[in-house]
Each structure stands twice: as C-alpha cells, then as structure tokens.
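Trainee: next one to model:
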Amino acid sequence: MAQTDYYKALGLDKKATPEEIKKAFRKLAVKYHPDRNPGDKSAEDKFKEINEAYAVLSDPKKKEQYDTFGSNGFHQQYSQEDIFRGFDFGGTFKDMGMGGNEDIFSRLFGGAFGRGGGMGGGYRQGLQRGSDLEMETDISFRDAINGAEKIIAFRRNGKREELKVKVPAGVDNGSKIRISGKGGQGEGGGPAGDLFLIIRVLPDPVFTRDGSDLFVERQIPFSAACLGTSLDIPTLEGDKRIKIASGIQPGTKIRLKGFGVKPLGSNAKGDLFVKVTVHVPETLNGDQKKLVEELARKGL
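Mentor: Next up, the predicted model:
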C-alpha cells in the first residue's frame with residue numbers, strides 16, 4: 001500500500017476539507033468494514049487502504065508532509081507504524097456505532113496494538129521499541145539528483161554493520177532516508193528502532209541548486225554584451241547553445257525551462273537559470289586602450 005494515493009482512496013482531491021475527509025472515510029469504512037464483508041479479501045484490502053489514508057489525511061502534520069512530498073517522499077519518512085501512531089481505531093469506530101474490535105485491527109495491520117487503541121499507542125506490556133539512530137552521509141551533487149546506491153557503515157548495538165542503501169533521485173541537503181529496523185535493539189522482545197540517514201550533498205563545480213531549480217554563471221566580454229553573442233551552457237543533459245541579445249545587462253538571468261531537477265516526490269522538473277556577468281579587464285594593452293578611449297569619446 002505504500003504507493004496508494006490517499007486522496008483517490010477516499011474519492012477526494014487535495015482541496016478536500018477536514019469535514020469532507022472525515023465524511024468520505026466514515027462512508028467507506030461502513031461499506032468495507034470486515035464485520036459487514038466476512039471472508040471478502042478485496043473488501044478487507046480496501047478497508048486497510050482507507051484506514052491508512054484517513055490516518056494520514058486526518059492528522060494535520062502528516063497531511064502537510066504528504067501534500068508537500070507526495071507518496072514516494074512521504075514513505076521515505078514514515079513507516080506504517082508512524083502512520084498509525086496516535087490513531088484511535090477503537091474510538092473512531094465506536095463514534096460511528098460500530099465495533100472497534102482490537103483483534104480485527106491486529107490481524108489487518110499487525111500485532112502492534114496495545115490496549116490503548118492505535119498502532120504505536122502502546123505495545124503490549126513488557127515490549128519496548130528500540131531507539132531511533134541518526135547518521136549523516138555525504139553524496140555527490142549528481143547522485144543527489146539522479147539517485148544512487150551507497151554502501152554505509154555504522155555501529156549498532158556495539159557492532160559494526162554495513163548496508164547497501166538506495167538513495168532516491170531528487171534528495172537535497174537535510175533529506176532523511178528511513179531504514180526500518182536498523183536502529184537500537186528493542187527490549188522484552190520489542191521491535192528495533194529505525195536508522196535515519198541525513199543527506200549532506202557535496203558542492204558541484206558547475207551548478208548550484210535551490211529546490212528544483214539549478215543555477216549556473218557565465219561571463220562574457222564587454223563587446224559581446226554590446227553586440228550580442230552565443231554561448232554553450234552546461235545542463236544535466238549536455239551543453240545547450242543559447243543566444244545572448246545585444247545590450248544585455250550585467251546580472252541578467254536567462255531561464256531555461258525544464259532543465260532543472262525533479263525534487264523528491266515530484267515528477268515536475270524545475271528550471272535552469274543562467275546568470276550573465278560582464279568581464280571588465282584589469283589591464284589593457286596599447287591597442288585596446290586606444291580603442292576604449294575612442295569609444296569614450298563617442299559617448300560609449
């Protein structure tokens with residue numbers, strides 16, 4: 001279910017209000033509840049799907065993350081346990097006049113339901129989840145944009161471990177990748193915590209990045225600024241030749257639409273901006289000086 005579109009699961013779009021989300025969930029939950037569809041696997045799957053959707057979209061913080069990063073980006077940060085943490089299944093269905101049978105939810109979503117109701121609301125007595133771990137890892141500018149596989153080494157429970165991690169395309173500085181079950185050891189048979197990789201993107205000699213947009217700087221001589229010229233501009237897809245209009249002003253930014261980056265969780269590319277600067281020579285030879293003086297006399 002990790003790739004489910006939560007809005008579509010509830011028959012809604014992203015403009016839906018909290019009341020509309022609640023109303024759609026209640027209607028579908030009644031329709032697909034296991035008590036009303038005994039032995040129907042497709043109804044059971046749909047019931048799981050709409051509960052997961054509602055657990056996210058009814059929580060303002062989780063909804064904001066889902067709306068910002070999309071399904072792929074959201075599931076890099078939230079495990080199913082996180083999604084259902086604090087979600088009161090029992091109370092939700094009692095409000096609807098239906099049973100909040102803990103055994104149903106334990107069977108559908110796993111045995112991590114305590115007597116408190118929601119997943120993560122309380123593991124059964126004696127079980128304690130392990131602590132989460134964090135570590136930073138450096139990746140190249142191009143790997144952050146294109147995605148890559150990386151071998152990381154870390155210490156867990158006093159032992160050195162190595163792990164191959166898939167870095168998704170579009171990550172940026174500060175992005176977090178969750179590796180489930182690779183955190184601290186649980187107690188009393190409880191599950192291990194998670195490992196979070198914090199991405200640190202190394203600088204690139206050509207490009208800088210701001211979200212989905214890329215920036216590159218190109219310098220032209222004074223004569224080219226006056227008369228116009230053509231330039232080969234580096235892009236992620238190879239050089240692209242562009243025209244520079246005559247009379248361009250220093251600091252002008254030229255936009256190349258769609259030559260930027262697909263950020264994590266999005267299919268829409270940003271743009272590439274070329275900042276044009278004009279080179280003023282620090283020294284002139286004799287001929288150059290005479291020509292500039294002549295230009296000055298003509299008011300240029």
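Trainee: which stretches of the protein form strands?
Mentor: 133-139, 148-156, 159-167, 176-179, 195-201, 208-210, 213-221, 229-233, 240-244, 253-256, 272-279 (DSSP state E).
Trainee: leaving out the residues flanking it, which one is nearest to Thr252?
Mentor: Closest residue to Thr252 apart from its sequence neighbours, by Cβ to Cβ, 6 or more residues apart in numbering: Val276 at 5.0 Å. Placement of C-beta: from N, CA and C, glycine included.
Trainee: list the contacts of the one you found.
Mentor: Contact partners of Val276, counting by Cβ atoms under 8 Å, 6 or more residues apart in numbering, are 218-220, 225, 244, 248, 250-254.
Trainee: from those, which is closest to Glu282?
Mentor: Gln219 (13.6 Å; Cβ to Cβ).
Trainee: most neighbours out of the contacts of Val276, which is it?
Mentor: Ala225 (21 neighbours; other Cβ atoms under 10 Å).
Trainee: what residues are up against that residue?
Mentor: 244, 247-250, 276, 278.
Trainee: any chance of these in TSV, with pLDDT and distance to Thr229 too?
Mentor: What follows is the contacts of Ala225, written out as TSV (pLDDT from 0 to 100; distance: Cβ to Cβ, whole Å):
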residue	pLDDT	distance to Thr229
Ile244	94	5
Gly247	92	12
Ile248	94	9
Gln249	93	14
Pro250	92	14
Val276	95	10
Val278	92	11
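Trainee: list the residues that contact Pro250.
Mentor: Pro250 neighbours (Cβ under 8 Å, 6+ apart): 225, 276-278.
Trainee: now Asn146
Mentor: Here Asn146 is in contact with Ala169 (Cβ under 8 Å, 6+ apart).
Trainee: how much space separates Leu197 from Gln76?
Mentor: 10 Å (Cβ to Cβ, to the nearest Å).
Trainee: and these two? Which one has more around it.
Mentor: Leu197 (25 against 17).
Trainee: that one and Ile139 touch, don't they?
Mentor: No: Leu197 is beyond contact range of Ile139, at 9.6 Å (criterion: Cβ atoms under 8 Å).
Trainee: save the contacts of Val276 as JSON lines, and put in distance to His33 too.
Mentor: Below are these laid out as JSON lines (distance: Cβ to Cβ, whole Å):
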{"residue": "Arg218", "distance to His33": "63"}
{"residue": "Gln219", "distance to His33": "67"}
{"residue": "Ile220", "distance to His33": "69"}
{"residue": "Ala225", "distance to His33": "71"}
{"residue": "Ile244", "distance to His33": "66"}
{"residue": "Ile248", "distance to His33": "66"}
{"residue": "Pro250", "distance to His33": "67"}
{"residue": "Gly251", "distance to His33": "63"}
{"residue": "Thr252", "distance to His33": "62"}
{"residue": "Lys253", "distance to His33": "57"}
{"residue": "Ile254", "distance to His33": "58"}
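Trainee: mind putting the strands of the chain into a markdown table with distance to Gln80?
Mentor: Output for those, formatted as a markdown table (distance: least, Cβ to Cβ, whole Å):
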| stretch | distance to Gln80 |
| --- | --- |
| strand 133-139 | 19 |
| strand 148-156 | 22 |
| strand 159-167 | 19 |
| strand 176-179 | 11 |
| strand 195-201 | 16 |
| strand 208-210 | 32 |
| strand 213-221 | 34 |
| strand 229-233 | 45 |
| strand 240-244 | 44 |
| strand 253-256 | 41 |
| strand 272-279 | 38 |
